[in-house]
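Visitor: Would you be able to build a 3D model of this:
(one chain, ligands or ions: 1)
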Amino acid sequence: MKKSERFLQLAMAILLGFPLLAHAADAKHGGEVYAEACADCHSVKEGKAKKGPSMFGIVGRQAGTVADFNYSDAMRQSKLSWAPDQLSAFLKAPKQKVPGTKMKLDGDLNDAEIADLIAYLSSLH
Ligand code: HEC
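Guide: Numbers count the residues shown, from 1 in each chain. Predicted structure coming up:
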């Protein structure tokens, strides 16, 4: 292999590998973030509502579709589907992603916390 090719290969490995090394989503830590920031208002049990709807099966679910939960019109009409990127945007800034939502977070979550949280939420099914 030519030296230039080897360099290119190394550069690709670093570019592709670095973000993964920098933060591998950690579902266990996500569970801790959940306990602190979400559990007061959201149960993980299927069909159990608190102030907010159950988070059972949330990843991939259509927004505003838990039967019998009294959503805001904004959430019911958002037409969102909770794919990880949509969840991430919502958790970063609920009222920007869904103007008129009645969900309010106490503080800001950082990107790593959100990634871990979504890894945890993905396990709820
Ligand atoms: C103070 C209570 C409260 C806290 C804390 C809270 N939520 Fe909520 N959440 C709600 C309410 C109320 C709704 C319904 C919003 C609406 O109808 O506009 C909601 C809706 C949601 C939805 C949309 C559900 C659906 O069925 O479409 C997701 C996803 C969500 N919350 C995730 C979270 C996560 C993750 C956390 C923790 C970081 C969190 N929430 C913290 C009250 C809360």
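Visitor: I figured Ile58 was touching Tyr120, is that so?
Guide: No - with contact defined as CB atoms under 8 Å, Ile58 does not count as touching Tyr120 (10.4 Å). For every residue, glycine as well, the C-beta is placed using N, CA and C.
Visitor: Between the two, point out the one with more neighbours.
Guide: Tyr120 (24 against 19; other CB atoms under 10 Å).
Visitor: Against the ligand, how distant is Asp111?
Guide: Counting by CB to the nearest ligand atom, to the nearest Å, the separation of Asp111 from the ligand is 13 Å.
Visitor: got the contact list for that residue?
Guide: His23, Lys92 (CB atoms under 8 Å, 6 or more residues apart in numbering).
Visitor: Need the pLDDT of it.
Guide: According to the prediction, Asp111 has pLDDT 96.
Visitor: ok, now Val44?
Guide: Taking Val44 on its own, its pLDDT is 97.
Visitor: list the contacts for it?
Guide: Contacts of Val44 by CB under 8 Å, 6+ apart are Tyr34, Ser54, Met55, Phe56, Leu124.
Visitor: Most neighbours among the residues you listed, which one?
Guide: Met55 (23 neighbours).
Visitor: just to revisit the earlier point, redo the contacts of Val44 as CSV? Include distance to Glu113 and pLDDT.
Guide: Converted to CSV, the contacts of Val44 look like this (distance: CB to CB, whole Å; pLDDT from 0 to 100):
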residue, distance to Glu113, pLDDT
Tyr34, 10, 98
Ser54, 21, 98
Met55, 16, 98
Phe56, 21, 97
Leu124, 17, 96
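Visitor: from these, which is closest to Asp108?
Guide: Tyr34 (15.8 Å; CB to CB).
Visitor: Inside strands: which ones of the contacts of Val44?
Guide: Using DSSP state E, no member of the contacts of Val44 falls in strands.
Visitor: of all those residues, which comes closest to Asp68?
Guide: The closest of the contacts of Val44, once distances to Asp68 are taken by CB to CB, is Ser54, at 10.6 Å.
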